[in-house]
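Colleague: Generate a structure from the sequence data that follows.
(one chain, ligands or ions: 3)
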Amino acid sequence: MNLKKRTGVLLVNVGTPDSPEVPDVRKYLREFLSDPRVIDISAVGRFLLLNFIILPFRTKKSSHAYKMIWKKEGSPLLIHGKILAENVGKILGDQYEVEFCMRYQNPSIEFAIQKLIQKNIDEIIVFPLFPQYSSAATGSVFEKVGKICNSKWNIPKLKYITYFYNDKRFLESFYEIAKPQINHFRADFVLFSYHGLPERHVKKSDTSSLQNHCLTKNNCCESIQVENKYCYRAQCYETTRSLVKLLQLTDDNHMTSFQSRLGRDPWIKPYTDLILPDLVSKGAKRIAVMCPAFVADCLETLEEIQMRAKEQWLSLGGEDLVLVTSLNSHAKWSETVADIIREA
Ligand SMILES: C=CC1=C(C)c2cc3[nH]c(cc4nc(cc5[nH]c(cc1n2)c(C)c5CCC(=O)O)C(CCC(=O)O)=C4C)c(C)c3C=C
Ligand SMILES: [Fe+2]
Ligand SMILES: [Fe+2]
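Modeller: Ligands and ions are numbered 1, 2, ... in the order given. Prediction:
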(Lines give C-alpha, C1' and ligand atoms only; values in the text may rest on other atoms or scores of the structure.)
(Ligands and ions follow the chains in the order given, each with its own letter.)
Protein backbone atom coordinates (compact mmCIF):
# COMPACT_ATOMS: atom_id res chain seq x y z
CA MET A 1 0.00 0.00 0.00
CA ASN A 2 1.36 3.43 -0.99
CA LEU A 3 0.76 5.87 1.89
CA LYS A 4 3.05 8.64 0.63
CA LYS A 5 1.33 11.98 1.25
CA ARG A 6 -0.04 13.62 -1.89
CA THR A 7 -1.30 17.16 -2.16
CA GLY A 8 -4.01 18.42 -4.48
CA VAL A 9 -3.92 21.98 -5.78
CA LEU A 10 -6.86 23.95 -7.09
CA LEU A 11 -5.89 26.97 -9.16
CA VAL A 12 -9.15 28.88 -9.47
CA ASN A 13 -10.13 31.86 -11.60
CA VAL A 14 -13.44 33.65 -11.79
CA GLY A 15 -14.98 32.01 -14.85
CA THR A 16 -15.78 32.52 -18.48
CA PRO A 17 -18.57 31.43 -20.80
CA ASP A 18 -18.29 28.15 -22.75
CA SER A 19 -18.53 30.14 -25.98
CA PRO A 20 -19.05 33.81 -26.84
CA GLU A 21 -22.55 33.09 -28.17
CA VAL A 22 -25.52 34.75 -26.46
CA PRO A 23 -27.00 31.60 -24.77
CA ASP A 24 -23.64 30.65 -23.19
CA VAL A 25 -22.92 34.21 -22.11
CA ARG A 26 -26.39 34.46 -20.56
CA LYS A 27 -25.83 31.19 -18.65
CA TYR A 28 -22.48 32.47 -17.39
CA LEU A 29 -23.79 35.88 -16.34
CA ARG A 30 -26.75 34.26 -14.63
CA GLU A 31 -24.52 32.02 -12.51
CA PHE A 32 -21.98 34.81 -11.79
CA LEU A 33 -24.49 37.48 -10.86
CA SER A 34 -26.76 35.19 -8.82
CA ASP A 35 -23.93 34.86 -6.31
CA PRO A 36 -24.86 36.81 -3.14
CA ARG A 37 -21.19 37.64 -2.60
CA VAL A 38 -21.13 39.38 -6.00
CA ILE A 39 -24.49 41.16 -5.86
CA ASP A 40 -24.96 41.48 -2.12
CA ILE A 41 -28.55 42.66 -1.90
CA SER A 42 -31.75 40.82 -0.89
CA ALA A 43 -32.54 37.65 -2.86
CA VAL A 44 -35.67 39.28 -4.30
CA GLY A 45 -33.74 42.44 -5.27
CA ARG A 46 -31.03 40.33 -6.93
CA PHE A 47 -33.59 38.28 -8.85
CA LEU A 48 -35.33 41.40 -10.18
CA LEU A 49 -32.07 43.19 -11.03
CA LEU A 50 -30.66 40.15 -12.81
CA ASN A 51 -33.75 39.15 -14.78
CA PHE A 52 -35.24 42.52 -15.62
CA ILE A 53 -32.19 44.78 -15.96
CA ILE A 54 -28.81 43.05 -16.25
CA LEU A 55 -29.55 40.00 -18.42
CA PRO A 56 -31.81 41.76 -20.95
CA PHE A 57 -29.39 44.67 -21.40
CA ARG A 58 -25.94 43.19 -20.84
CA THR A 59 -25.94 39.76 -22.46
CA LYS A 60 -25.72 40.90 -26.08
CA LYS A 61 -23.13 43.55 -25.27
CA SER A 62 -20.95 41.04 -23.35
CA SER A 63 -21.34 38.42 -26.10
CA HIS A 64 -20.12 40.97 -28.64
CA ALA A 65 -17.14 41.84 -26.40
CA TYR A 66 -16.25 38.15 -25.93
CA LYS A 67 -16.37 37.62 -29.71
CA MET A 68 -13.70 40.32 -30.11
CA ILE A 69 -11.21 38.53 -27.83
CA TRP A 70 -12.11 34.86 -28.40
CA LYS A 71 -9.28 32.66 -29.70
CA LYS A 72 -9.41 29.51 -31.82
CA GLU A 73 -8.66 27.48 -28.65
CA GLY A 74 -11.27 29.32 -26.55
CA SER A 75 -11.40 32.07 -23.93
CA PRO A 76 -8.01 33.67 -23.14
CA LEU A 77 -8.66 33.35 -19.38
CA LEU A 78 -9.16 29.59 -19.75
CA ILE A 79 -6.24 29.08 -22.14
CA HIS A 80 -3.77 30.86 -19.83
CA GLY A 81 -5.10 29.05 -16.76
CA LYS A 82 -4.73 25.60 -18.32
CA ILE A 83 -1.16 26.24 -19.46
CA LEU A 84 -0.26 27.71 -16.06
CA ALA A 85 -1.60 24.59 -14.31
CA GLU A 86 0.36 22.34 -16.66
CA ASN A 87 3.56 24.30 -15.99
CA VAL A 88 3.03 24.31 -12.23
CA GLY A 89 2.26 20.57 -12.23
CA LYS A 90 5.52 19.86 -14.04
CA ILE A 91 7.53 22.04 -11.65
CA LEU A 92 5.98 20.49 -8.52
CA GLY A 93 6.37 16.88 -9.63
CA ASP A 94 4.32 13.81 -8.75
CA GLN A 95 3.79 14.57 -5.08
CA TYR A 96 1.21 17.13 -6.26
CA GLU A 97 -1.86 17.02 -8.49
CA VAL A 98 -2.68 20.42 -9.98
CA GLU A 99 -6.11 21.25 -11.41
CA PHE A 100 -7.25 24.51 -12.96
CA CYS A 101 -10.92 25.41 -12.56
CA MET A 102 -13.40 28.25 -12.61
CA ARG A 103 -15.75 29.60 -9.91
CA TYR A 104 -18.48 30.02 -12.54
CA GLN A 105 -19.06 27.66 -15.49
CA ASN A 106 -16.31 25.32 -16.71
CA PRO A 107 -14.14 23.50 -15.80
CA SER A 108 -16.14 23.61 -12.58
CA ILE A 109 -14.72 23.48 -9.06
CA GLU A 110 -16.89 20.42 -8.41
CA PHE A 111 -15.37 18.50 -11.34
CA ALA A 112 -11.82 19.46 -10.34
CA ILE A 113 -12.35 18.37 -6.70
CA GLN A 114 -13.81 15.07 -7.89
CA LYS A 115 -10.70 14.49 -10.02
CA LEU A 116 -8.43 15.23 -7.06
CA ILE A 117 -10.37 12.90 -4.75
CA GLN A 118 -10.17 10.10 -7.30
CA LYS A 119 -6.41 10.59 -7.33
CA ASN A 120 -6.36 9.93 -3.58
CA ILE A 121 -4.95 13.24 -2.41
CA ASP A 122 -4.65 13.89 1.34
CA GLU A 123 -5.18 17.63 1.36
CA ILE A 124 -6.18 20.38 -1.06
CA ILE A 125 -4.48 23.75 -1.37
CA VAL A 126 -7.01 26.25 -2.69
CA PHE A 127 -5.28 28.98 -4.64
CA PRO A 128 -7.70 31.59 -6.06
CA LEU A 129 -5.77 33.47 -8.73
CA PHE A 130 -6.68 36.88 -7.29
CA PRO A 131 -3.73 38.80 -5.82
CA GLN A 132 -5.96 41.04 -3.67
CA TYR A 133 -8.65 39.68 -1.33
CA SER A 134 -12.29 40.40 -2.05
CA SER A 135 -15.34 38.64 -0.71
CA ALA A 136 -16.80 38.73 -4.25
CA ALA A 137 -13.94 36.76 -5.83
CA THR A 138 -11.71 35.08 -3.20
CA GLY A 139 -14.43 34.66 -0.56
CA SER A 140 -16.79 33.17 -3.10
CA VAL A 141 -14.21 30.57 -4.19
CA PHE A 142 -13.53 29.55 -0.56
CA GLU A 143 -17.24 29.28 0.18
CA LYS A 144 -17.89 27.11 -2.89
CA VAL A 145 -14.91 24.79 -2.23
CA GLY A 146 -15.91 24.48 1.43
CA LYS A 147 -19.51 23.58 0.57
CA ILE A 148 -18.47 20.93 -1.95
CA CYS A 149 -15.83 19.34 0.30
CA ASN A 150 -18.02 19.41 3.39
CA SER A 151 -20.69 17.43 1.57
CA LYS A 152 -18.28 14.50 1.03
CA TRP A 153 -18.19 11.46 3.31
CA ASN A 154 -14.41 11.70 3.64
CA ILE A 155 -13.77 15.43 3.99
CA PRO A 156 -10.35 16.42 2.67
CA LYS A 157 -8.13 18.80 4.60
CA LEU A 158 -8.19 22.28 3.06
CA LYS A 159 -5.59 25.04 3.00
CA TYR A 160 -6.39 28.49 1.67
CA ILE A 161 -4.18 31.08 0.02
CA THR A 162 -6.13 34.24 0.82
CA TYR A 163 -4.06 36.85 -1.05
CA PHE A 164 -0.60 37.39 -2.43
CA TYR A 165 -0.54 41.11 -3.39
CA ASN A 166 2.37 41.58 -0.98
CA ASP A 167 4.35 38.50 -2.00
CA LYS A 168 7.78 39.58 -3.21
CA ARG A 169 7.84 36.87 -5.89
CA PHE A 170 4.46 37.93 -7.31
CA LEU A 171 5.61 41.56 -7.44
CA GLU A 172 8.91 40.64 -9.04
CA SER A 173 7.14 38.50 -11.64
CA PHE A 174 4.95 41.46 -12.59
CA TYR A 175 7.94 43.78 -12.61
CA GLU A 176 10.02 41.50 -14.85
CA ILE A 177 7.22 41.02 -17.35
CA ALA A 178 6.08 44.67 -17.35
CA LYS A 179 9.40 46.53 -17.38
CA PRO A 180 10.53 45.63 -20.94
CA GLN A 181 7.05 46.34 -22.29
CA ILE A 182 6.93 49.78 -20.66
CA ASN A 183 10.43 50.61 -21.92
CA HIS A 184 9.80 49.31 -25.42
CA PHE A 185 6.62 51.41 -25.65
CA ARG A 186 8.49 54.50 -24.32
CA ALA A 187 5.64 55.25 -21.90
CA ASP A 188 5.55 58.67 -20.24
CA PHE A 189 2.82 57.57 -17.80
CA VAL A 190 1.86 54.27 -16.13
CA LEU A 191 -1.73 53.71 -15.08
CA PHE A 192 -2.45 50.87 -12.62
CA SER A 193 -6.02 49.87 -13.43
CA TYR A 194 -7.67 47.30 -11.11
CA HIS A 195 -11.03 45.55 -11.33
CA GLY A 196 -13.54 47.68 -9.41
CA LEU A 197 -15.87 46.73 -6.55
CA PRO A 198 -19.00 48.36 -5.14
CA GLU A 199 -17.99 50.69 -2.28
CA ARG A 200 -20.39 48.76 -0.04
CA HIS A 201 -18.19 45.64 -0.36
CA VAL A 202 -15.14 47.53 0.82
CA LYS A 203 -17.00 49.07 3.77
CA LYS A 204 -18.15 45.58 4.80
CA SER A 205 -14.54 44.35 4.84
CA ASP A 206 -13.57 46.98 7.47
CA THR A 207 -12.48 45.08 10.60
CA SER A 208 -12.58 48.06 13.02
CA SER A 209 -15.19 47.64 15.75
CA LEU A 210 -17.33 50.58 14.55
CA GLN A 211 -16.55 49.97 10.85
CA ASN A 212 -15.41 53.57 10.60
CA HIS A 213 -12.12 53.18 8.76
CA CYS A 214 -12.65 52.13 5.13
CA LEU A 215 -13.89 54.93 2.87
CA THR A 216 -14.68 57.20 5.83
CA LYS A 217 -11.31 58.95 5.72
CA ASN A 218 -9.52 60.33 2.65
CA ASN A 219 -6.31 58.51 3.44
CA CYS A 220 -7.86 55.18 4.52
CA CYS A 221 -5.88 53.20 1.91
CA GLU A 222 -2.54 54.93 2.50
CA SER A 223 -1.14 51.94 4.38
CA ILE A 224 -2.17 48.45 5.41
CA GLN A 225 -3.35 48.36 9.03
CA VAL A 226 -5.40 46.08 11.25
CA GLU A 227 -8.61 47.87 10.19
CA ASN A 228 -8.13 47.48 6.44
CA LYS A 229 -6.17 44.25 6.14
CA TYR A 230 -9.03 42.72 4.09
CA CYS A 231 -9.81 45.93 2.20
CA TYR A 232 -9.53 45.22 -1.52
CA ARG A 233 -8.92 48.89 -2.33
CA ALA A 234 -6.16 49.20 0.29
CA GLN A 235 -4.50 46.04 -1.04
CA CYS A 236 -4.67 47.46 -4.60
CA TYR A 237 -3.00 50.71 -3.50
CA GLU A 238 -0.34 48.72 -1.65
CA THR A 239 0.27 46.67 -4.83
CA THR A 240 0.74 49.90 -6.77
CA ARG A 241 3.18 51.28 -4.16
CA SER A 242 5.29 48.12 -4.36
CA LEU A 243 5.34 48.05 -8.18
CA VAL A 244 6.08 51.80 -8.32
CA LYS A 245 9.17 51.18 -6.17
CA LEU A 246 10.38 48.34 -8.39
CA LEU A 247 9.70 50.28 -11.60
CA GLN A 248 11.25 53.43 -10.10
CA LEU A 249 8.27 55.60 -11.02
CA THR A 250 7.57 58.99 -9.47
CA ASP A 251 4.40 60.57 -8.03
CA ASP A 252 3.99 62.48 -11.32
CA ASN A 253 4.09 59.60 -13.75
CA HIS A 254 1.73 57.02 -12.31
CA MET A 255 -1.78 56.68 -10.94
CA THR A 256 -4.18 54.01 -9.62
CA SER A 257 -7.74 53.59 -10.88
CA PHE A 258 -10.59 51.05 -10.98
CA GLN A 259 -12.39 49.67 -14.04
CA SER A 260 -15.28 47.31 -14.96
CA ARG A 261 -18.16 48.98 -13.09
CA LEU A 262 -21.59 47.43 -13.25
CA GLY A 263 -24.88 49.04 -12.22
CA ARG A 264 -25.68 52.34 -10.56
CA ASP A 265 -24.26 51.85 -7.06
CA PRO A 266 -21.09 53.80 -6.26
CA TRP A 267 -17.98 51.73 -6.98
CA ILE A 268 -14.51 52.39 -5.62
CA LYS A 269 -12.87 55.43 -7.19
CA PRO A 270 -11.23 56.84 -9.22
CA TYR A 271 -12.83 55.27 -12.28
CA THR A 272 -10.43 54.38 -15.10
CA ASP A 273 -12.57 55.76 -17.94
CA LEU A 274 -13.19 59.03 -16.10
CA ILE A 275 -9.54 59.79 -15.30
CA LEU A 276 -8.24 59.35 -18.86
CA PRO A 277 -9.42 62.87 -19.91
CA ASP A 278 -7.63 64.36 -16.84
CA LEU A 279 -4.43 62.57 -17.76
CA VAL A 280 -4.52 63.89 -21.33
CA SER A 281 -5.11 67.43 -20.09
CA LYS A 282 -2.18 67.07 -17.67
CA GLY A 283 0.08 66.31 -20.65
CA ALA A 284 0.38 62.50 -20.66
CA LYS A 285 0.83 61.24 -24.20
CA ARG A 286 2.02 57.65 -24.19
CA ILE A 287 0.31 55.69 -21.46
CA ALA A 288 1.04 52.11 -20.42
CA VAL A 289 -1.78 50.43 -18.52
CA MET A 290 -0.94 47.68 -16.04
CA CYS A 291 -3.75 45.58 -14.56
CA PRO A 292 -2.33 43.86 -11.44
CA ALA A 293 -5.68 42.51 -10.20
CA PHE A 294 -5.60 40.08 -13.12
CA VAL A 295 -2.89 37.45 -13.34
CA ALA A 296 -4.09 36.51 -16.82
CA ASP A 297 -5.32 38.51 -19.76
CA CYS A 298 -9.06 38.28 -20.10
CA LEU A 299 -12.08 40.22 -21.26
CA GLU A 300 -11.37 43.01 -18.78
CA THR A 301 -7.82 43.64 -20.00
CA LEU A 302 -8.08 42.72 -23.70
CA GLU A 303 -11.42 44.32 -24.54
CA GLU A 304 -11.85 47.00 -21.88
CA ILE A 305 -8.29 48.32 -21.88
CA GLN A 306 -6.51 47.20 -25.06
CA MET A 307 -9.51 48.02 -27.25
CA ARG A 308 -11.95 50.41 -25.56
CA ALA A 309 -9.60 52.45 -23.36
CA LYS A 310 -7.15 52.78 -26.25
CA GLU A 311 -9.90 54.06 -28.54
CA GLN A 312 -10.96 56.53 -25.84
CA TRP A 313 -7.36 57.68 -25.32
CA LEU A 314 -6.82 58.30 -29.04
CA SER A 315 -10.11 60.14 -29.37
CA LEU A 316 -9.10 62.39 -26.45
CA GLY A 317 -5.95 63.35 -28.35
CA GLY A 318 -3.48 61.06 -26.54
CA GLU A 319 -0.66 59.73 -28.72
CA ASP A 320 -0.87 56.01 -27.84
CA LEU A 321 -1.97 53.55 -25.14
CA VAL A 322 -0.63 50.06 -24.54
CA LEU A 323 -1.93 47.27 -22.35
CA VAL A 324 0.95 45.72 -20.40
CA THR A 325 0.25 42.03 -20.89
CA SER A 326 -0.28 40.02 -17.73
CA LEU A 327 1.59 37.17 -16.04
CA ASN A 328 -0.39 34.57 -18.03
CA SER A 329 1.72 31.38 -18.09
CA HIS A 330 5.19 32.99 -18.04
CA ALA A 331 7.99 30.77 -16.72
CA LYS A 332 8.81 33.16 -13.84
CA TRP A 333 5.15 33.33 -12.78
CA SER A 334 4.77 29.54 -13.02
CA GLU A 335 7.81 29.16 -10.73
CA THR A 336 6.31 31.69 -8.32
CA VAL A 337 2.98 29.86 -8.13
CA ALA A 338 4.81 26.58 -7.51
CA ASP A 339 6.90 28.22 -4.77
CA ILE A 340 3.85 29.67 -3.01
CA ILE A 341 2.20 26.23 -3.11
CA ARG A 342 5.27 24.47 -1.70
CA GLU A 343 5.39 27.03 1.11
CA ALA A 344 1.70 26.51 1.93
C1 LIG B 1 -21.20 43.17 -9.32
C2 LIG B 1 -20.49 42.65 -10.27
C3 LIG B 1 -19.08 42.21 -10.22
C4 LIG B 1 -18.17 42.19 -9.17
C5 LIG B 1 -18.37 42.62 -7.75
C6 LIG B 1 -16.95 41.64 -9.70
C7 LIG B 1 -15.76 41.45 -8.99
C8 LIG B 1 -14.61 40.87 -9.50
N9 LIG B 1 -14.41 40.30 -10.72
C10 LIG B 1 -13.11 39.87 -10.86
C11 LIG B 1 -12.50 39.29 -11.97
C12 LIG B 1 -13.07 39.19 -13.24
N13 LIG B 1 -14.31 39.60 -13.61
C14 LIG B 1 -14.50 39.33 -14.94
C15 LIG B 1 -15.64 39.57 -15.67
C16 LIG B 1 -16.83 40.08 -15.15
N17 LIG B 1 -17.04 40.65 -13.92
C18 LIG B 1 -18.38 40.98 -13.78
C19 LIG B 1 -18.99 41.55 -12.64
C20 LIG B 1 -18.41 41.69 -11.39
N21 LIG B 1 -17.14 41.37 -11.01
C22 LIG B 1 -19.04 40.60 -14.99
C23 LIG B 1 -20.52 40.78 -15.25
C24 LIG B 1 -18.09 40.02 -15.84
C25 LIG B 1 -18.37 39.38 -17.21
C26 LIG B 1 -18.06 40.18 -18.34
C27 LIG B 1 -18.92 41.38 -18.48
O28 LIG B 1 -20.09 41.27 -18.83
O29 LIG B 1 -18.40 42.47 -18.16
C30 LIG B 1 -13.32 38.71 -15.45
C31 LIG B 1 -13.06 38.28 -16.91
C32 LIG B 1 -13.72 36.97 -17.30
C33 LIG B 1 -13.37 36.52 -18.69
O34 LIG B 1 -14.07 35.63 -19.19
O35 LIG B 1 -12.42 36.97 -19.32
C36 LIG B 1 -12.42 38.61 -14.40
C37 LIG B 1 -11.05 38.00 -14.43
C38 LIG B 1 -12.47 40.15 -9.62
C39 LIG B 1 -11.03 39.81 -9.31
C40 LIG B 1 -13.38 40.77 -8.79
C41 LIG B 1 -13.20 41.28 -7.42
C42 LIG B 1 -12.24 42.07 -7.07
FE1 LIG C 1 -15.60 40.85 -12.44
FE1 LIG D 1 -9.44 52.41 2.31
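Colleague: Span of stretch 309-323 from start to end?
Modeller: Stretch 309-323 has an end-to-end distance of 9 Å (CA to CA, to the nearest Å).
Colleague: And ligand 1, is it touching that?
Modeller: No: counting by CB under 6 Å from any ligand atom, no contacts exist between stretch 309-323 and ligand 1, the nearest distance being 13.6 Å. For the C-beta atoms, the positions are set from N, CA and C on the backbone; glycine is no exception.
Colleague: same check, this time on stretch 186-198
Modeller: Yes: Stretch 186-198 comes into contact with ligand 1 (CB under 6 Å from any ligand atom), by way of 195, 197.
Colleague: touching ligand 3 at all, that stretch?
Modeller: No: if you take CB under 5 Å from the ion as the test, stretch 186-198 misses ligand 3, and the best it gets is 11.4 Å.
Colleague: what comes up buried for that stretch?
Modeller: Within stretch 186-198, the residues that qualify as buried are 187, 189-198, counting by 16 or more other CB atoms under 10 Å.
Colleague: how about those residues in TSV, adding pLDDT and secondary structure?
Modeller: As requested, these are exported to TSV (pLDDT from 0 to 100; DSSP: H, G, I helix; E, B strand; the rest coil):
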residue	pLDDT	secondary structure
A187	98	coil
F189	98	strand
V190	98	strand
L191	98	strand
F192	98	strand
S193	98	strand
Y194	98	strand
H195	98	strand
G196	98	coil
L197	98	coil
P198	98	strand
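Colleague: Skipping adjacent residues, who's closest to D18 in space?
Modeller: The shortest distance from D18 to any non-neighbouring residue, by CB to CB, 6 or more residues apart in numbering, is to D24 (4.6 Å).
Colleague: In a helix, the one you found, correct?
Modeller: Yes: secondary structure of D24 (DSSP: H, G, I helix; E, B strand; the rest coil): part of a helix.
Colleague: Near it, how many other residues are there?
Modeller: For D24, the neighbour count with other CB atoms under 10 Å is 17.
Colleague: my read: it touches G15, true?
Modeller: No: with contact defined as CB atoms under 8 Å, D24 does not reach G15; the gap is 11.6 Å.
Colleague: Need the overlap of contacts for the two.
Modeller: Here D24 and G15 have no joint contacts, going by CB atoms under 8 Å, 6 or more residues apart in numbering.
Colleague: The nearest residue to F189 once chain neighbours are set aside: what's it in contact with?
Modeller: Computed as CB to CB, 6+ apart, the closest residue to F189 that is not its neighbour in sequence is A284, at 3.9 Å. Neighbour list for A284: 188-189, 318 [criterion: CB under 8 Å, 6+ apart].
Colleague: what do you get for K152?
Modeller: I117.
Colleague: Pop out the phi and psi values for it.
Modeller: phi -80, psi 160 (degrees, to the nearest 10).
Colleague: Relative to ligand 3, how far out is it?
Modeller: Applying CB to the ion, to the nearest Å, the value for K152 to ligand 3 is 39 Å.
Colleague: do the same with L249
Modeller: L249 is 21 Å from ligand 3, by CB to the ion.
Colleague: That residue against V190, yeah?
Modeller: Yes: here L249 reaches V190: they are 5.9 Å apart, a contact under CB under 8 Å.
Colleague: Run the angle between the one helix or strand A288 maps to and strand 189-195 for me.
Modeller: Using DSSP states H and E, the element containing A288 is strand 286-290. Angle, strand 286-290 to strand 189-195, by axes from the mean of the first three to the mean of the last three CA atoms, to 10 degrees: 30 degrees.
Colleague: quick one: average confidence on stretch 163-181?
Modeller: Stretch 163-181 carries an average pLDDT of 98.
Colleague: Buried ones in that stretch, by neighbour count?
Modeller: Residues of stretch 163-181 classed as buried: 163-165, 167, 169-175, 177-178 (neighbour count, 16+ other CB under 10 Å).
Colleague: neighbouring contacts of that stretch?
Modeller: Residues contacting stretch 163-181 (CB under 8 Å, 6+ apart): 130-133, 138, 224, 235-236, 238-239, 242-243, 246-247, 288, 290, 292, 322, 324-327, 330, 332-333, 335-336, 339-340.
Colleague: Could you list which of these belong to helices?
Modeller: Cross-referencing these against helices under DSSP state H gives 235-236, 238-239, 242-243, 246-247, 332-333, 335-336, 339-340.
Colleague: Now for the residue in the stretch 1-150 of the chain positioned nearest to ligand 3, how many residues are close by?
Modeller: For the stretch 1-150 of the chain, the residue closest to ligand 3 is Q132, as judged by CB to the ion, at 12.2 Å. Q132: 25 surrounding residues under other CB under 10 Å.
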